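# Curious how this folds, go ahead:
(chains A, B, C and D)
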2 protein chains.
Amino acid sequence: MIERQERTKKQLLNAAIDLFEAVGFQKTRISDIVARAGVAQGTFYLYYRSKEEIFLDVIKEFTTLFASFLEDASDLFAGDSFDEVRRNVLDFNHRLIELYTANGKTARILFREGASQGGPFKSVFHGIYTQFIEIVRNRLEQNRATGHVTFEDAETEASFLIGLFDRSLFYFMDVKKHVDVEALSRRMTDFIMGGLSKHIPKSR
Amino acid sequence: MIERQERTKKQLLNAAIDLFEAVGFQKTRISDIVARAGVAQGTFYLYYRSKEEIFLDVIKEFTTLFASFLEDASDLFAGDSFDEVRRNVLDFNHRLIELYTANGKTARILFREGASQGGPFKSVFHGIYTQFIEIVRNRLEQNRATGHVTFEDAETEASFLIGLFDRSLFYFMDVKKHVDVEALSRRMTDFIMGGLSKHIPKSR
DNA sequence: ATGAAAAATGACTGACGCGTCATTCATATA
DNA sequence: TATATGAATGACGCGTCAGTCATTTTTCAT
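Just a heads-up that it's a prediction; the model follows:
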């Protein structure tokens, strides 16, 4: 019965997601996963060889989506006018926030565990992190000539941006328990385009 | 001999700092700490009751310094002119970066472990994190009337700022292995005051 | 020099959690 | 109803590591 296998595997995966998110990778025991999935200890090993392996399965979907999101970001900072540049930044922010919120648990698992030192996912996290920096840096440099954005060294500004995205999203998801996608993407855009200055026109 | 005790305790503490920073709290075993400190297993328990206890000792100095730094930040965003506001922001950034770099290892330990889910320090981290947000939010609101900074809701902008500080500092400390305090504080200030816009005058 | 107090030692213990495997159970097919 | 298949079970073995404690070493006052 192939459907039974699929059901069991999904139960294990969902249990792992819940537990990794709630108590973290390190503290989650295989015995916790199987207990929550409602299967026996041995059953786990019919589907995964280790905790590391189920972790990689947990984050696989999100990392794939994230990678293709980055590949889609060719318009970031592009535009013939300040307004067009801003619209593209807004669009980027909006899609990024939607991606995060639509995958809240796995996004949190990946970024939380990736930042810390213990896990087996250090390299996975590092990979997508540097990919992000690289894309932002690249888009900044590509569009420097338009004169609508200015910066000294794109890598530094890219690190500012990723920090801004990352921490503020988790602040709203973790502390506020709710993200208003429209409002947050608009205000991120305003901040990126003009900082705290009142001299730059705001969106809308 | 009181000095011998002090020396032993310092050896344990330094070993713990090195190991927490290099491999993380979870992966560090007490046996590793005592091996690196050059003392026996039992000696550890003469000074600390658990790994949690030595961790709290490791981060104590930095958290104390951080708390008093925040209490000193009364000038943040204050000023009668755009330039004065900017100078105060620059000063804040400069001091913050110096604090981080002067306490590189413990700062990294605290922020890395604090963000992840496993540790016993979740509450310590959460405490200083919310304190930071609160100070920035408060300073923004206090100085809204000057008209030199503008924002919708100070808490959101505060979360942008802490993200910007946090991730970019660790990017330079971890990836670049070096932080140019002058340059980074100046560019952070530029970004905070004017984003990527070319319309806002830059520092210096 | 001496011995009592303090400090350090490291072998030992027990708990815990991963992964295995001999066995049971459910379902499909004859 | 009987048989075959393979999914699921859960007790157990084994390694790891935190924490203990009887013993040894060091310190220092007399």
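# what pLDDT does the residue of chain A found nearest DNA strand D get?
Residue of chain A nearest DNA strand D, by C-beta to the nearest atom of the strand: residue A:42 (1.6 Å). C-beta here means a position set from N, CA and C on the backbone, and glycine is covered the same way. The score at residue A:42 is 93. That number is its pLDDT.
# What count of nearby residues applies to it?
Using other C-beta atoms under 10 Å in any protein chain shown, residue A:42 has 8 neighbouring residues.
# centre of the chain versus the helix or strand harbouring it, how much separation?
Taking DSSP states H and E as the definition, residue A:42 sits inside helix A:41-47. Distance, stretch centre to chain centre, for helix A:41-47: 30 Å (C-alpha atoms, centre = their mean, to the nearest Å).
# Alpha carbons of it, as CSV, please.
Output in CSV follows, covering the C-alpha atoms of helix A:41-47 (Å, rounded to 0.1, in the frame of the first residue of the first chain):
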residue,chain,number,x,y,z
GLN,A,41,10.7,4.3,16.9
GLY,A,42,11.8,1.8,14.3
THR,A,43,9.4,3.2,11.7
PHE,A,44,11.5,6.4,11.6
TYR,A,45,14.4,4.5,10.2
LEU,A,46,12.4,3.1,7.4
TYR,A,47,12.1,6.6,6.0
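# what comes up buried for it?
Within helix A:41-47, the residues scored as buried using 16 or more other C-beta atoms under 10 Å in any protein chain shown are A:44, A:47.
# Tell me where chain A has helices.
A:2-23, A:30-37, A:41-47, A:51-71, A:82-102, A:104-115, A:122-142, A:154-170, A:181-194 (DSSP state H).
# What is the fifth one packed up against?
Applying 3 or more C-beta pairs under 8 Å, 6 or more residues apart in numbering or on different chains; DSSP states H and E, one finds that helix A:82-102 makes contact with helix A:51-71, helix A:154-170, helix A:181-194.
# before we move on, what about the longest one?
Helix A:2-23 sits against helix A:30-37, helix A:41-47, helix A:51-71, helix A:104-115, with contacts defined as 3+ C-beta pairs under 8 Å, 6+ apart.
# Looking at those, spot the one closest to residue A:190.
Shortest distance between residue A:190 and the helices and strands packed on helix A:2-23, using C-beta to C-beta, is found for helix A:51-71: 21.8 Å.
# helices or strands up against the closest one?
So helix A:51-71, by 3+ C-beta pairs under 8 Å, 6+ apart, packs with helix A:2-23, helix A:82-102, helix A:104-115, helix A:122-142.
# Go again with 10 Å.
Contacts defined by 3 or more C-beta pairs under 10 Å, 6 or more residues apart in numbering or on different chains; DSSP states H and E place helix A:51-71 against helix A:2-23, helix A:30-37, helix A:41-47, helix A:82-102, helix A:104-115, helix A:122-142.
# okay, those helices, which one's buried deepest?
Mean neighbour count (mean count of other C-beta atoms under 10 Å in any protein chain shown) peaks for helix A:104-115 among those, with a mean of 21.
# need the contact list for the residue of chain A found nearest DNA strand C.
For chain A, the residue closest to DNA strand C is residue A:42, as judged by C-beta to the nearest atom of the strand, at 3.2 Å. The contact partners of residue A:42, taken as C-beta atoms under 10 Å, 6 or more residues apart in numbering or on different chains, are residue A:34.
# I figured residue A:47 hits residue A:54, correct?
Yes. Counting by C-beta atoms under 10 Å, residue A:47 does reach residue A:54; the two are 7.8 Å apart.
# Get me the contact residues on chain A for DNA strand C.
Neighbours of DNA strand C within chain A, by C-beta under 7 Å from any atom of the strand: A:1, A:4, A:28-31, A:41-42, A:44-45, A:49-51.
# Give me the common contacts of residue A:47 and residue A:54.
Counting by C-beta under 10 Å, 6+ apart, the residues touching both residue A:47 and residue A:54 are A:9, A:12, A:13.
# wait, doesn't the first one sit right on residue A:46?
So that's residue A:9. Yes. Look at residue A:9 against residue A:46 with C-beta under 10 Å: they come within range, at 8.9 Å.
# Which neighbours do those two have in common?
Joint contacts of residue A:9 and residue A:46 (C-beta under 10 Å, 6+ apart) are residue A:39.
# burial count for residue A:67?
By the measure other C-beta under 10 Å, the count of residues near residue A:67 is 14.
# contacting residues for the residue nearest to residue A:169 when sequence neighbours are not counted?
Using C-beta to C-beta, 6 or more residues apart in numbering or on different chains and skipping the chain neighbours, the partner closest in space to residue A:169 is residue A:100 (5.3 Å). Residue A:100 is in contact with A:62, A:66, A:106-108, A:111, A:165-166, A:169-170, A:172-173, A:179, A:181, counting by C-beta under 10 Å, 6+ apart.
# need the contact list for residue A:141.
By C-beta under 10 Å, 6+ apart, residue A:141 lies in contact with A:77, A:151, A:153, A:154, A:155, A:158.
# OK, contacts around the first one?
I take that to be residue A:77. Going by C-beta under 10 Å, 6+ apart, residue A:77 touches A:85-86, A:88-89, A:92, A:136, A:138-144, A:146, A:148-149, A:154, A:192, B:196.
# For chain A, give me the ranges with low pLDDT.
A:1-3, A:117-120, A:199-204 (pLDDT under 70).
# go again using 80 as the cut-off
Applying pLDDT under 80 to chain A picks out residues A:1-4, A:114-122, A:175, A:198-204.
# what does chain A put close to DNA strand D?
When proximity is defined as C-beta under 7 Å from any atom of the strand, chain A approaches DNA strand D at A:1, A:4-5, A:7-8, A:38-43, A:45-46.
# go again using 6 Å as the cut-off
A:4, A:5, A:8, A:39, A:40, A:41, A:42, A:43, A:46 (C-beta under 6 Å from any atom of the strand).
# Could you list the domains of chain A?
Listed domain ranges for chain A are A:1-48, A:60-194 (source: automatic domain parsing).
# Now render the ones you listed as JSON lines, adding distance to residue B:115.
Supplementary listing: the domains of chain A in JSON lines, determined by distance: least, C-beta to C-beta, whole Å:
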{"stretch": "domain A:1-48", "distance to residue B:115": "11"}
{"stretch": "domain A:60-194", "distance to residue B:115": "5"}
